[in-house]
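Enquirer: how would this look folded up:
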Amino acid sequence: MMQQIGPTFDDLQHKVKSITGTEIALPDHIGAFDQNVESWVLKFLNEEFTGTVWCEYIFDQQIKEKYSNLDLRFSLDLWLQNNYIKEFEEYNIHPERNLKNFLCTFNGGRHVSRKLLTAITERFNWFKIDYSTKNFIFNQDEIYGHVDENVHALEQFYNKFFKVSDQFANQMYGLDYTRFDHKHNINVLSLPITESFIHIVSETMATSFYPFITEKFLYSVSNRGLFLAYAQPGWHAQLENVFGFKPFKIFDYKFDSIANPIVRIVELFTMISKFSILDIEDWNDLYQMEFDTIEYNYDHFYSGNYKKCLENIA
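Expert: Sure, this is the predicted structure:
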């Protein structure tokens, strides 16, 4: 019988050696990947276990060869279950689009990437409390430390993009949001999404170095919205090439190939900044320009066609 192991050292140390079967399942992001695109979880397993490892990642050949003792496979069932997809499938009536605001972004857990995303959003003056969340506090030195870790030689330059007031750093900003209750949350977040020109998806562990797609982009898809993600490098490419969702023509996705998480988010925000100076009429025009793609992505999800794409690689 296949056993499911959580991505903690204790789970691995205490359970792997007692496994008698040849299959295990690794849910969630399994500790992420470092700048060398290596995973401590897979490294540990590669040394202690031989067999099939089902996970929510879609691994390329390079990763599979690096951990050659493991038969790494994507589990569609695991992805659907752990990303609460059924709750999105049951939501198919959203508010009318009524653009009033430039950007929304929703940040729950206090991960490095979410601290960076909220800080740069505030720095660009795009963080509006009715449209974005920051359910944690931090201090400016933390942010500068994260920047320094990733762009040491240029930290003085990049620090400029993450400088915020103590009042913002020390304040939590939330909506009526309940972690993991997507049925509730999608109704809460539908209004800020449908009233915003763009939703910046705050992906799980965006400072990791290998794409990991969760349910978060579906908040925009199910509300017929425009979105980009602060996510791992190659995230948008995988969403298109593997999941089958179409990118938007008005956006430049060059940032998606940038490995460094600090440089990537600055390039992302620099790219979208040109849209922030437009007025609501302009935003509506751009939205109409992308309507065919928006409808395609909506139908691609609700028809289940994306599952057929994923079944081909499962």
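Enquirer: CA atoms for contacts and neighbours, from now on please.
Expert: OK.
Enquirer: which residue lies nearest the spatial centre of the chain?
Expert: Nearest to the geometric centre of the chain sits Glu203, at 1.8 Å (C-alpha atoms, centre = their mean).
Enquirer: contacting residues around the nearest residue to Asn98 once chain neighbours are set aside?
Expert: Excluding its sequence neighbours, the residue lying closest to Asn98 (C-alpha to C-alpha, 6 or more residues apart in numbering) is Glu195, at 5.0 Å. Residues counted as contacts of Glu195 (C-alpha atoms under 8 Å, 6 or more residues apart in numbering) are Arg97, Asn98, Leu99, Lys100, Asn101.
Enquirer: same question for Glu47.
Expert: Asn69.
Enquirer: any idea how far it is from Phe59?
Expert: 19 Å (C-alpha to C-alpha, to the nearest Å).
Enquirer: related to what we said a few turns ago, pretty sure the residue nearest to the centre of the chain is touching Phe227, no?
Expert: No - the pair Glu203 / Phe227 is not scored as a contact, 11.9 Å apart, by C-alpha atoms under 8 Å.
Enquirer: ok, longest helix in the chain?
Expert: In the chain, assigned by DSSP state H, the helix with the most residues is helix 261-276.
Enquirer: quick one, whichever helix or strand comes after that one and helix 261-276 angle?
Expert: Sequence-wise, the next helix or strand downstream of helix 261-276 (DSSP states H and E) is helix 280-289. Here helix 280-289 runs at 110 degrees with respect to helix 261-276, directions being taken by axes from the mean of the first three to the mean of the last three C-alpha atoms, to 10 degrees.
Enquirer: count of neighbours near the nearest residue to Leu72 once chain neighbours are set aside?
Expert: Computed as C-alpha to C-alpha, 6+ apart, the closest residue to Leu72 that is not its neighbour in sequence is Val53, at 5.0 Å. Other residues near Val53 come to 22 when the count uses other C-alpha atoms under 10 Å.
Enquirer: got the buried residues for stretch 39-58?
Expert: Buried residues in stretch 39-58, counted by 16 or more other C-alpha atoms under 10 Å: 39, 41-42, 45-46, 49, 52-58.
Enquirer: sorry, wrong one. I was asking about stretch 129-148.
Expert: So for stretch 129-148, counting by 16+ other C-alpha under 10 Å, buried means 131-136, 138, 140, 143-144, 146-148.
Enquirer: what's the mean pLDDT across stretch 244-259?
Expert: Taken as a whole, stretch 244-259 has a mean pLDDT of 98.
Enquirer: and the nearest residue to Arg110 once chain neighbours are set aside, what helix or strand is that in?
Expert: Spatial nearest neighbour of Arg110, chain neighbours left out: Phe136 (5.9 Å); criterion: C-alpha to C-alpha, 6+ apart. For Phe136, there is no host helix or strand (DSSP H and E).
Enquirer: pretty sure Phe136 contacts Gly109?
Expert: Yes - Phe136 is within contact range of Gly109, at 7.2 Å (criterion: C-alpha under 8 Å).
Enquirer: if we can go back for a sec, measure the residue nearest to Asn98 to Asp285 for me?
Expert: For Glu195, the distance to Asp285 - C-alpha to C-alpha - is 15 Å.
Enquirer: nearest to Thr293, of the contacts of Glu195?
Expert: Closest approach to Thr293 among the contacts of Glu195 (C-alpha to C-alpha): Arg97, at 15.7 Å.
Enquirer: count the neighbours of the closest one for me.
Expert: 18.
Enquirer: give me the contact list for the longest helix of the chain.
Expert: In contact with helix 261-276 (C-alpha under 8 Å, 6+ apart) are residues 102, 117, 147, 150-151, 158, 161, 206-207, 230, 232, 251-252, 255-256, 258, 283.
Enquirer: could you pull out the strands for this structure?
Expert: 3-4, 23-26, 51-55, 70-74, 101-104, 196-202, 227-230 (DSSP state E).
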